[in-house]
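**Student:** When you get a sec, could you give me coordinates for this:
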Amino acid sequence: VQLVESGGGLVSPGGSLRLSCLASGFTFSNYVMSWYRQAPGKERELVARIDSFGASINYADSVKGRFAISRANARNTVYLQMNSLKPEDTAVYYCNALWSANVQYNHWGRGTQVTVFS
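**Tutor:** Presented below is the predicted three-dimensional model:
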């Protein structure tokens with residue numbers, strides 16, 4: 001099982017980035033996919049979540065209207081489009097895959113750094 005994030009980097013306030021998470025080793029379309037982030041000295045927090053076929057999407061209040069999560073099941077990939085970035089969006093962004101059947105399957109990527117600075 002592997003989740004590999006990409007697309008992070010340095011950006012000025014108001015800028016945009018698009019994160020990608022490529023999954024392998026499991027049946028991607030079965031899983032709820034999420035993006036979390038963790039800033040220095042803070043707990044990891046949920047940013048956005050999308051269900052198996054994109055019918056249900058949730059966002060943290062702090063990113064509503066600025067971020068958009070999407071997925072391409074045929075490509076085993078989930079995306080996070082981040083617009084109007086703010087310095088407080090600076091964090092390591094992690095991809096998460098979750099499937100609850102008789103047992104819970106929960107997988108994490110290693111993260112990608114996003115830094116917003118003026």
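**Student:** So residue 79 is in contact with residue 23, correct?
**Tutor:** No: using Cβ atoms under 8 Å, residue 79 is not in contact with residue 23, being 12.0 Å away. Any C-beta I mention is one placed from the backbone N, CA and C, and that applies to glycine too.
**Student:** Neighbour count for these two, which is higher?
**Tutor:** residue 23 (23 against 19; other Cβ atoms under 10 Å).
**Student:** can you tell me the helix or strand for residue 84?
**Tutor:** Using DSSP states H and E, residue 84 maps to neither a helix nor a strand.
**Student:** Can you get me a residue count around it?
**Tutor:** 13.
**Student:** Next up, phi/psi of it, please.
**Tutor:** With angles defined as degrees, to the nearest 10, residue 84 sits at phi 50, psi 50.
**Student:** what's near enough to touch it?
**Tutor:** When contacts are counted by Cβ atoms under 8 Å, 6 or more residues apart in numbering, residue 84 touches 14, 16, 66.
**Student:** Apply 6 Å and report the result again.
**Tutor:** 14, 66 (Cβ atoms under 6 Å, 6 or more residues apart in numbering).
**Student:** ok, it to residue 30 distance?
**Tutor:** 33 Å (Cβ to Cβ, to the nearest Å).
**Student:** Over to residue 40?
**Tutor:** 34 Å.
**Student:** Looking at those two, which has the bigger crowd around it?
**Tutor:** Each of residue 40 and residue 30 has its neighbours counted (other Cβ under 10 Å); residue 30 has more, 13 against 7.
**Student:** Many thanks, I have nothing further to ask.
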